[in-house]
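Undergrad: using only what follows, build the 3D model:
(chains A and B)
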2 protein chains.
Amino acid sequence: MDILTSAHIIDWFKGLQDRICIGLEQLDGSAKFQQDLWDRPEGGGGRTRIIQGEGIEKGGVNFSAVQGEMPEVIAKGLGLAPNNFVATGVSIVLHPQHPLVPIIHMNVRYFETDQGDWWFGGGIDLTPHQVYPEDAQEFHQGLKQVCDSFDGKAYGEFKEWADNYFYIPHRQETRGIGGIFFDRLNESYGRSKLDIWRFVQAVGEAFVPLYSSIYRRRVSMDYTPADRNWQMIRRGRYVEFNLVYDRGTKFGLQTNGRIESILMSLPPVVHYEYNYQTTEDFEKQTQSLLKKGVDWVNYTIV
Amino acid sequence: MDILTSAHIIDWFKGLQDRICIGLEQLDGSAKFQQDLWDRPEGGGGRTRIIQGEGIEKGGVNFSAVQGEMPEVIAKGLGLAPNNFVATGVSIVLHPQHPLVPIIHMNVRYFETDQGDWWFGGGIDLTPHQVYPEDAQEFHQGLKQVCDSFDGKAYGEFKEWADNYFYIPHRQETRGIGGIFFDRLNESYGRSKLDIWRFVQAVGEAFVPLYSSIYRRRVSMDYTPADRNWQMIRRGRYVEFNLVYDRGTKFGLQTNGRIESILMSLPPVVHYEYNYQTTEDFEKQTQSLLKKGVDWVNYTIV
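TA: Modelled structure (predicted):
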């Protein structure tokens, strides 16, 4: 008997959302999450939780579990026969107020159909407004540790996947310093469903400690108006990625998802300056590091 | 002998850009356009002109004329055989500082191939942060006049086309109060090339007077912080339309156009608030008027 039912996974994801929200409220220090419950007319729903604090200027930690008949166009896109499906997961985007604290994104998700298909997906990536190589290294070393406990080849593969996914072609730059990304992970990867589930759980649980460490290191540093202005410019690139390229966002908008839960990922305040040229050294350094293939785990910190 | 050559049209569009820039500098009252010349490696180039003033917070008036071999994927998308093409036009987006002054967009363009295909396209639409029915009516009456001089059925058709084009499906709202939109206009419309050209010229020349009248009526009015905040929210919707749906933007990003000229359409400062609810009456009224099919020409002003 399969004890790893979708009901069990849904339940665990709800608990993960609770734990992450508690962790982030402690990190912010003052604000509390506000919750909106929503129902999907065709089946299922979600718990959208938003924080607007002094530390986390705007952040969302969303849980959803939707089910029902799969629209034909989506089944086709996924290469699946007509089916009834369950999709559940937790999605997070945090925009800190402090320009030296990075933006972070995390998603873990599970999908199954009544035709026997199932897979896990997810990812976590960091978007510093200013790249501190020691933060990027710590972040990637942490992710490598999570991946290594699952499978020796996972970190290398999922890191490359993130480099390719979190990429802005028209800017020829990565969104940030990457992380890991994986999709349609199932037994064809050579690991049991339970092994994959343990890995997805470990990614979810790693979120708060990974982010808290970097957040606390940067949040007490002084910053200038130039730092804050650059943050507004970098946030603009985040919007460009999310609205033009992000598959999750596109999928949500095309399938009549809950708009406000999908677009919670957009930053609270953004500047779009025509032909902005990097002038400050920190801007140039950051720009030079927004590229694929940087070996952050073994990066030489100068 | 065809006197309406692409060289002639290109030349006229350049002059139109000049005249519009002069008109807008007078309207702004203080700022001047800055020009960036750019070349397209495969042939042609453009003159991007940007104004960042006290009246027009951020605006672009772009001229371009590009030519060369058409990429296969684009020819296919347009339903054309392999060809050499010329594409030229003027594109404008203005974001005023004053929240009671509307955003405006205009585009006029010409396209031809060495296989004998040619067409004109264009459009002009108004995006008020707050809808004043008398402004919307004046704007549409002005456009109707321009259209009527060309063809009796044009306004009705091009107005409906604009309603459908400048639409944000995931919000189920129009971008603004519409205007006119037309594409691939050629002899199959039942009018000569010269007639169509005169119409496109008239659209271009109508831009400054149409906008100036509304601009001057609103720019001296007092406004509140609530007006300005609502402007920041509405600008967010403008970004959603341009990055998610606008075909011109998509085309530019996919064909390796000059990014900064394409994205000059994005507002200078934007707010994305989670689940923003209209509270003020003026917000509710505006929201209620952002829909297709409003007969602005015959609208009853109360």
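Undergrad: ok, the helix or strand harbouring A:R49 near chain B or not?
TA: In the assignment (DSSP states H and E), A:R49 maps to strand A:44-51. Yes: residues of strand A:44-51 contacting chain B under Cβ under 8 Å from any Cβ of the partner chain: A:I50. The C-beta positions use only the backbone N, C-alpha and C, and glycine is treated the same way.
Undergrad: same check, this time on stretch A:274-293
TA: Yes: with Cβ under 8 Å from any Cβ as the criterion, chain B is reached by stretch A:274-293 at A:Y274, A:N275.
Undergrad: distance check, A:Q145 against chain B.
TA: A:Q145 is 33 Å from chain B, where distance means Cβ to the nearest Cβ, to the nearest Å.
Undergrad: could you check the pLDDT of that residue?
TA: A:Q145 carries a pLDDT value of 98.
Undergrad: which helices and strands sit right next to the longest helix along chain A?
TA: The single longest helix within chain A, with elements called by DSSP state H, is helix A:193-219. Helix A:193-219 is packed against helix A:6-28, strand A:84-96, strand A:103-113, strand A:118-127, helix A:133-148, with contacts defined by 3 or more Cβ pairs under 8 Å, 6 or more residues apart in numbering or on different chains; DSSP states H and E.
Undergrad: rerun that using 6 Å as the cut-off
TA: helix A:6-28, strand A:103-113, strand A:118-127, helix A:133-148 (3 or more Cβ pairs under 6 Å, 6 or more residues apart in numbering or on different chains; DSSP states H and E).
Undergrad: okay, now the residue in the stretch 1-150 of chain A that chain B sits nearest to: neighbour count?
TA: Nearest to chain B, among the residues of the stretch 1-150 of chain A, is A:I50, at 4.9 Å (Cβ to the nearest Cβ). A:I50 has 21 neighbouring residues, counting by other Cβ atoms under 10 Å in any protein chain shown.
Undergrad: OK, contacts around it?
TA: A:Q34, A:G60, B:Y274 (Cβ atoms under 6 Å, 6 or more residues apart in numbering or on different chains).
Undergrad: which of these count as buried?
TA: Using 16 or more other Cβ atoms under 10 Å in any protein chain shown as the burial test, the contacts of A:I50 include A:G60, B:Y274 as buried.
Undergrad: export the contacts of A:I50 to JSON lines and tack on pLDDT and secondary structure?
TA: Below are these laid out as JSON lines (pLDDT from 0 to 100; DSSP: H, G, I helix; E, B strand; the rest coil):
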{"residue": "A:Q34", "pLDDT": "97", "secondary structure": "strand"}
{"residue": "A:G60", "pLDDT": "98", "secondary structure": "strand"}
{"residue": "B:Y274", "pLDDT": "96", "secondary structure": "coil"}
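Undergrad: related to what we said a few turns ago, ok, which of the helices and strands packed on helix A:193-219 comes nearest B:A75?
TA: B:A75 lies closest to strand A:118-127 among these, at 36.4 Å (Cβ to Cβ).
Undergrad: strand partners of the strand holding A:R49, parallel vs antiparallel please.
TA: strand A:34-39 (antiparallel), strand A:56-69 (antiparallel) (DSSP bridges).
Undergrad: what number of residues lie near the residue of the stretch 101-250 of chain A found nearest chain B?
TA: Nearest residue of the stretch 101-250 of chain A to chain B: A:L243, at 3.8 Å (Cβ to the nearest Cβ). Neighbourhood size, A:L243 [other Cβ under 10 Å]: 21.
Undergrad: can you tell me the closest non-neighbouring residue to it?
TA: Among residues not flanking A:L243 along the chain, B:L243 sits closest, at 3.8 Å (Cβ to Cβ, 6 or more residues apart in numbering or on different chains).
Undergrad: tell me the SS of that neighbour?
TA: helix (DSSP: H, G, I helix; E, B strand; the rest coil).
Undergrad: surely it touches A:V244?
TA: Yes: in this structure, B:L243 is within contact of A:V244 by Cβ atoms under 6 Å, at 5.2 Å.
Undergrad: follow-up on the earlier one: roughly how far out does the longest helix of chain A sit from the chain middle?
TA: Averaging C-alpha positions (Cα atoms, centre = their mean, to the nearest Å) puts helix A:193-219 11 Å from its chain's average.
Undergrad: now do stretch A:34-47
TA: 20 Å.
Undergrad: mind listing what A:R49 touches?
TA: Remark: with contacts taken as Cβ under 6 Å, 6+ apart, A:R49 is in contact with A:C21, A:F33, A:Q35, A:V61.
Undergrad: can you give me the neighbour number for the last one?
TA: Residues contacting A:V61 under the criterion other Cβ under 10 Å number 26.
Undergrad: can you pull the pLDDT of it?
TA: The model reports A:V61 with a pLDDT of 98.
Undergrad: again, but for the first one
TA: On the pLDDT scale, A:C21 is placed at 98.
Undergrad: ok, A:S91 touching A:V108?
TA: No: with contact defined as Cβ under 6 Å, A:S91 does not count as touching A:V108 (8.4 Å).
Undergrad: what residues does stretch A:230-248 touch?
TA: A:99, A:129, A:168, A:175, A:249, A:265-267, A:270-272, A:276, A:283, B:243-244.
Undergrad: A:E273 in helix, strand or coil?
TA: coil.
Undergrad: circling back: so the longest helix of chain A versus helix A:133-148, what angle?
TA: In terms of direction (axes from the mean of the first three to the mean of the last three Cα atoms, to 10 degrees), helix A:193-219 departs from helix A:133-148 by 170 degrees.
Undergrad: mind listing what's buried along the next helix or strand after helix A:193-219?
TA: Under the assignment DSSP H and E, the closest C-terminal helix or strand after helix A:193-219 is helix A:225-240. Buried residues in helix A:225-240, counted by 16+ other Cβ under 10 Å: A:227-240.
Undergrad: ok so A:D183 is a strand residue?
TA: Yes: according to three-state DSSP, A:D183 belongs to a strand.
Undergrad: what about it, how many neighbours?
TA: Quick note: A:D183 (other Cβ under 10 Å) scores 15 neighbours.
Undergrad: in the sheet, who's paired with the residue nearest to it when sequence neighbours are not counted?
TA: The shortest distance from A:D183 to any non-neighbouring residue, by Cβ to Cβ, 6+ apart, is to A:G121 (4.1 Å). Beta-bridge partners for A:G121, by DSSP bridges, are A:R109.
Undergrad: find me the pLDDT at A:G121, would you?
TA: Among the per-residue scores, A:G121 holds a pLDDT of 98.
Undergrad: repeat that for A:I3.
TA: With respect to pLDDT, A:I3 scores 76.
Undergrad: using the three-state scheme, assign it.
TA: Assignment for A:I3 (three-state DSSP): coil.
Undergrad: likewise for A:H98?
TA: On the three-state scheme (three-state DSSP), A:H98 is labelled coil.
Undergrad: count of neighbours near it?
TA: A:H98: 20 neighbours (other Cβ under 10 Å).
Undergrad: tell me where the model's unsure across the stretch 201-302 of chain A.
TA: Within the stretch 201-302 of chain A, no stretch has pLDDT under 70.
Undergrad: quick check: residues of the stretch 1-150 of chain A near chain B?
TA: A:I50 (Cβ under 6 Å from any Cβ of the partner chain).
Undergrad: just want the angle from the longest helix of chain A to strand A:84-96.
TA: Using the same axes, to 10 degrees, helix A:193-219 lies at 20 degrees relative to strand A:84-96.
Undergrad: quick check: angle from helix A:193-219 to strand A:103-113?
TA: For helix A:193-219 against strand A:103-113, the angle by the same axes, to 10 degrees is 170 degrees.
Undergrad: angle of helix A:193-219 against strand A:118-127?
TA: Angle, helix A:193-219 to strand A:118-127, by the same axes, to 10 degrees: 10 degrees.
Undergrad: what residues sit buried inside helix A:193-219?
TA: Neighbour-count burial for helix A:193-219 [16+ other Cβ under 10 Å]: A:196-197, A:199-201, A:203-204, A:206-208, A:210-211, A:214-215, A:218-219.
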